[in-house]
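Participant: The sequence isn't on hand, but the structure is:
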């Protein structure tokens, strides 16, 4: 079989590099203007680190908001660590870039969606990440994602007092 160019994986790598660069700038300079991020990630990813009670509450995926209340943002090569507040309880998280499903900055109508690949299709080329059109960019509250897996309303986390 001939070797091909895996554009899907190359695009994933480039877009995750974009996220890394944006977060590196935020860690050094803070969030500019009205920018803020909704980051949905796979809580079951083997390298994701979060409190047991959070992984129990969000066994598949979780959306976090980085706006005003965040601390200890440490951006690395493979992922980033950040401390967020959950009901007045600061919790550290480590989110690998490979675990990110969506990255949205609604202040400028920018969003990325990463499609995951089934484990039985590991040799298949990855689908390229999708740049979301502005009409598809919504906050979790606007598109009904503000409920946990039990159907109960999820806690909206205010991040105001963690901002550097």
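Facilitator: That came in fine, so what should we check first? Values in this document were obtained by computation on a predicted structure and should not be read as measured data. Residues are numbered from 1 along each chain as shown.
Participant: can you give me the strands for this protein?
Facilitator: 37-42, 61-66, 70-75, 79-85, 90-96, 100-105, 110-113, 130-131 (DSSP state E).
Participant: could you give the mean pLDDT of the shortest one?
Facilitator: If I follow you right, that is strand 130-131. The average pLDDT within strand 130-131 is 69.
Participant: now swap in stretch 32-43 and tell me
Facilitator: On average, stretch 32-43 scores 94.
Participant: Quick one: end-to-end distance for it.
Facilitator: 28 Å (C-alpha to C-alpha, to the nearest Å).
Participant: list the buried ones in that stretch?
Facilitator: 35, 36, 37, 38, 39, 40, 41, 42, 43 (16 or more other C-beta atoms under 10 Å). From N, CA and C alone the C-beta is placed, and that goes for glycine too.
Participant: I'd like to know which of those is nearest to residue 23.
Facilitator: residue 37 (8.4 Å; C-beta to C-beta).
Participant: so what's the spatially closest residue to that closest one that is not a sequence neighbour up against?
Facilitator: Among residues not flanking residue 37 along the chain, residue 66 sits closest, at 4.5 Å (C-beta to C-beta, 6 or more residues apart in numbering). Taking C-beta atoms under 8 Å, 6 or more residues apart in numbering, we find residue 66 in contact with 26, 31, 36, 37, 39, 73, 82, 84, 159.
Participant: Tell me how far residue 66 lies from residue 54.
Facilitator: 16 Å (C-beta to C-beta, to the nearest Å).
Participant: for residue 106, same thing?
Facilitator: 23 Å.
Participant: same question, residue 94
Facilitator: Distance from residue 94 to residue 54, by C-beta to C-beta: 12 Å.
Participant: what does residue 71 give?
Facilitator: 17 Å.
Participant: how about stretch 19-28: buried residues?
Facilitator: Under 16+ other C-beta under 10 Å, the buried positions of stretch 19-28 are 19, 20, 22, 23, 26, 27.
Participant: again, but for stretch 46-63
Facilitator: For stretch 46-63, by 16+ other C-beta under 10 Å, it's 48, 50, 54, 57, 58, 61, 62, 63.
Participant: where in the protein is pLDDT low?
Facilitator: Counting by pLDDT under 70, the chain has low-confidence residues at 1-2, 116-164.
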